[in-house]
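In: Attaching a predicted model along with its sequence, questions to come.
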Amino acid sequence: MTDELEAKEITLGIEGGGTRTTVLLADENDNVLASFQTGPANLRLMKIRELAEHLQAIRGGLPQQPTRIGIGLAGVRSAQDHQRLRHAVATVWPEKPCATSDDLVTALEAAELAPTCAAQLLVLSGTGSCVTGRKLTGETTKLGGRGHILGDRASACDIAQDALRSVMASYDLENTWPALGADILAFLQMNEPEDLIDWSLVAKKNALASVAVPVFHAAASRKDSIAMSVLDRAASSLCEDAKAGANRLLKNNEQVQFIFNGAVLLKNSDFQAQVMERLAFHFPNSVITPLTRPSVWGAVILARRTGYVDAAQIDVTPKEVRSSSIASDWRPVTSAPTEQRHPLSTNLSEMSISAGIDLMISADATLPTAIAEETSAIAWTIDEVVQAFSLRGRLLYSGAGTSGRLGVLDASECPPTFSVSYDQVQGIIAGGRSALWCALEGAEDDEGSGKRAIAGRHVTDKDVVIGISASAYAPFLWGSLQEAKDRGATTVLLCCNPAYKDHPLPDRVIAPNTGPEILTGSTRLKAGTTTKLILNMITTLAMTHSGKVLSNHMIDLHPSNGKLRQRALRIVGDITGASEEAAKQALEGCGWIVRDACKQLNQG
């Protein structure tokens, strides 16, 4: 009997979101062997260990184990996310075929495509909201789904926030607490309007979303004017997003199938009808249907489509990352010098501290010569940056790990040093803000993320983009340079691997040969020091030749603290010959603008 069971196809479907995880175990004939719900699962809010424990608990609740798995979780966006999810699944169900996706794809998979339609569009409104769609020809689109702070238009959270603000506005303007306000207080077990203030400061997403319940009740039971207005705006917003998504996919007279999902749409018939009516007006030939079976079935369908290969080999990388490019296809044969062993430090672990210091000093002493050999490329780059600044263009650094942090550091020093705007010199680091203080080494492997970072900064042909990487390997860097090149920007590669000097993508390559590191592969050492020195040259000399330096003084210094005000006094005194008292009076009269103070004193 056991052998017979194991010979059957048993598929496990898992769908996780911000509210719950739904589990479905089915055989090859769609007979449900197990179905239950457990706690929420959002990939971006869980560590791998937490996710593995969550999956292990699901395993423990199954009457028998699956032969294949399909899983869709909220928060799955990038190739890295898919890899993390597959890794977690493999720790619980090793050597089982696995298909991964986000929880929106599973809903689309669960819906049967209407035969007359060229595209499907999922319109989701629950705690959060999103519109996502696809065509039979492979094109996809997505709007929203960024959380209740940044968007999620027409979600329960959005409806609740609109209602709370509308109630408070009515209270302020009419000096009477409205009926919807009374409903909300009763729902939250509060006594008076001011109680909402403290609650609003600490309310979690689900608690906030729950306030949509009395809003829908007030609209349905007594046509409350505030509730009706809030829901009318929500229906309009959701329709706008669905309309935009459909227009991105459709051509000529193609038809679209709108699929409704999420508690806001499925549990509130009047609201569902409002959205349907609006969509039908804009797309009279469309098919509009609620999702008729649980979207976890989509995870089952995805799993069945997956062949019998090891889960780690399934290519779920987004198309944009898989696509061939000159950036990712070109690799020099020579191994990066920074990855080789330094012949003088093979006994580093046995050296005395003083001997280690001497060795590191002697190693760093070789850097100026290596940098000097790149003078021509550095000077060319500085000229390009000066030209960009004259056209109101920008300088952007892009890198990962230490290289990315050095770019952000140099960019952040420009506003206080030269009084330029925060966006004139920008630093981009793989992994974003948290990578500044926490190593996210895997972030450098996402080429698509590098492309999106450049697109997100609206890089144009007026800008200069410098990609920084010690070894020049990081795919994130190449994604950035490729996107910048495609947008017409001037592109420069700064690395410590001379094998990349002839790379065909960048307009110029700065590649000092810093050799092996004292600590093998630790590019925060000589490579990092060299990178910082070159970045110092680029911004300092570019600002100098852009009129930000007079003699050797920071004429546009921003004296934001006591130390810098003292420096401003010395600068004004040196340039004008004025006494400290006269310099101070001039600076105070000019709002501590050094350039204006110097001009005033020289004219006086």
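Out: Nice, thanks for sending it over.

In: Which pLDDT does the model give the residue nearest to residue 224 when sequence neighbours are not counted?
Out: Closest residue to residue 224 apart from its sequence neighbours, by C-beta to C-beta, 6 or more residues apart in numbering: residue 218 at 3.8 Å. Quick note: C-beta positions are derived from backbone N, CA and C, even for glycine. pLDDT recorded at residue 218 is 96.

In: Could you list which residues are in contact with residue 337?
Out: 496-498, 513-516 (C-beta atoms under 8 Å, 6 or more residues apart in numbering).

In: let me fix that: residue 166
Out: 180, 226, 229-230.

In: ok, so of the contacts of residue 337, who is nearest residue 287?
Out: residue 497 (55.5 Å; C-beta to C-beta).

In: Return the distance of the closest one relative to residue 465.
Out: Per C-beta to C-beta, to the nearest Å, residue 497 is found 19 Å from residue 465.

In: low pLDDT regions in the stretch 51-200 of the chain?
Out: Along the stretch 51-200 of the chain, the model assigns pLDDT under 70 to no residue.

In: go again using 80 as the cut-off
Out: 77-80, 151 (pLDDT under 80).

In: Pull the number of nearby residues for the residue nearest to residue 434 when sequence neighbours are not counted.
Out: Leaving out its chain neighbours, the residue that sits closest to residue 434 by C-beta to C-beta, 6+ apart is residue 440, at 6.7 Å. By the measure other C-beta atoms under 10 Å, the count of residues near residue 440 is 17.

In: partners of whichever strand or helix holds residue 15 in the sheet?
Out: Residue 15 is part of strand 10-16 when elements are defined by DSSP states H and E. Sheet pairing of strand 10-16 (DSSP bridges) gives strand 21-27 (antiparallel), strand 68-73 (parallel).

In: OK, contacts around residue 485?
Out: Residues in contact with residue 485, defined by C-beta under 8 Å, 6+ apart, are 491, 505-506.

In: Columns pLDDT, distance to residue 152 and secondary structure on top of these, output as CSV?
Out: Putting these into CSV (pLDDT from 0 to 100; distance: C-beta to C-beta, whole Å; DSSP: H, G, I helix; E, B strand; the rest coil) gives the following:
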residue, pLDDT, distance to residue 152, secondary structure
491, 97, 36, strand
505, 94, 38, coil
506, 96, 40, coil
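
In: Most neighbours among those, which one?
Out: residue 491 (26 neighbours).

In: Please name the bridge partners of that residue.
Out: residue 465.

In: and it, what does it touch?
Out: Counting by C-beta under 8 Å, 6+ apart, residue 491 has contacts 464-467, 481, 484-485, 505-507.

In: and what of residue 406?
Out: Residue 406 touches 397, 399, 468, 528, 531-532, 535, counting by C-beta under 8 Å, 6+ apart.

In: Mind telling me what element it is part of?
Out: Going by DSSP H and E, residue 406 is in helix 401-418.

In: List the buried residues for that helix?
Out: 401-408, 410-411, 414-415, 417-418 (16 or more other C-beta atoms under 10 Å).

In: Same check on stretch 88-101?
Out: In terms of neighbour count (16+ other C-beta under 10 Å), stretch 88-101 has its buried residues at 88-90, 92-93, 96-101.

In: What about those, which are in helices?
Out: 88-90, 92 (DSSP state H).

In: any idea which of these is closest to residue 175?
Out: Nearest to residue 175 among these, with distances taken as C-beta to C-beta, is residue 88, at 55.4 Å.

In: Which residue, neighbours along the chain excluded, lies closest to that closest one?
Out: Using C-beta to C-beta, 6+ apart, the closest residue to residue 88 is residue 51 (4.4 Å).

In: neighbours of residue 160, just the number please.
Out: By other C-beta under 10 Å, 24 other residues sit near residue 160.

In: What of residue 16?
Out: That count, for residue 16 with other C-beta under 10 Å as the rule, works out to 32.

In: again with residue 241
Out: Using other C-beta under 10 Å, residue 241 is surrounded by 20 other residues.

In: Quick check: it is in a helix.
Out: Yes: according to DSSP: H, G, I helix; E, B strand; the rest coil, residue 241 belongs to a helix.

In: gap between it and residue 123?
Out: Going from residue 241 to residue 123 by C-beta to C-beta gives 8 Å.

In: now the helix or strand hosting residue 141, how far from the chain's geometric center?
Out: Using DSSP H and E, residue 141 maps to strand 140-144. Put simply, strand 140-144 sits 15 Å off its chain's centre (C-alpha atoms, centre = their mean, to the nearest Å).

In: How confident was the prediction at the residue lying closest to residue 141 once chain neighbours are set aside?
Out: Leaving out its chain neighbours, the residue that sits closest to residue 141 by C-beta to C-beta, 6+ apart is residue 248, at 4.5 Å. Residue 248 carries a pLDDT score of 94 in this model.

In: Return the residues in contact with residue 265.
Out: So residue 265 contacts 123-125, 271-272, 275, 290 (C-beta under 8 Å, 6+ apart).

In: Tell me if it really is in a helix.
Out: Yes: counting by three-state DSSP, residue 265 is part of a helix.

In: Can you show me the CA trace of the helix holding residue 406 as CSV?
Out: Taking C-alpha atoms only, helix 401-418 is exported to CSV below (Å, rounded to 0.1, in the frame of the first residue of the first chain):
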residue,chain,number,x,y,z
GLY,A,401,29.9,45.9,-1.0
THR,A,402,33.0,48.0,-0.2
SER,A,403,33.0,49.6,-3.6
GLY,A,404,29.4,50.7,-3.3
ARG,A,405,30.0,52.1,0.2
LEU,A,406,32.9,54.1,-1.0
GLY,A,407,30.8,55.6,-3.8
VAL,A,408,28.1,56.5,-1.3
LEU,A,409,30.6,58.0,1.1
ASP,A,410,32.2,60.2,-1.6
ALA,A,411,28.8,61.4,-2.8
SER,A,412,27.6,62.2,0.7
GLU,A,413,30.7,64.5,1.3
CYS,A,414,30.0,66.7,-1.7
PRO,A,415,27.0,68.8,-0.3
PRO,A,416,28.8,70.0,2.8
THR,A,417,32.1,70.5,1.1
PHE,A,418,30.9,72.2,-2.1
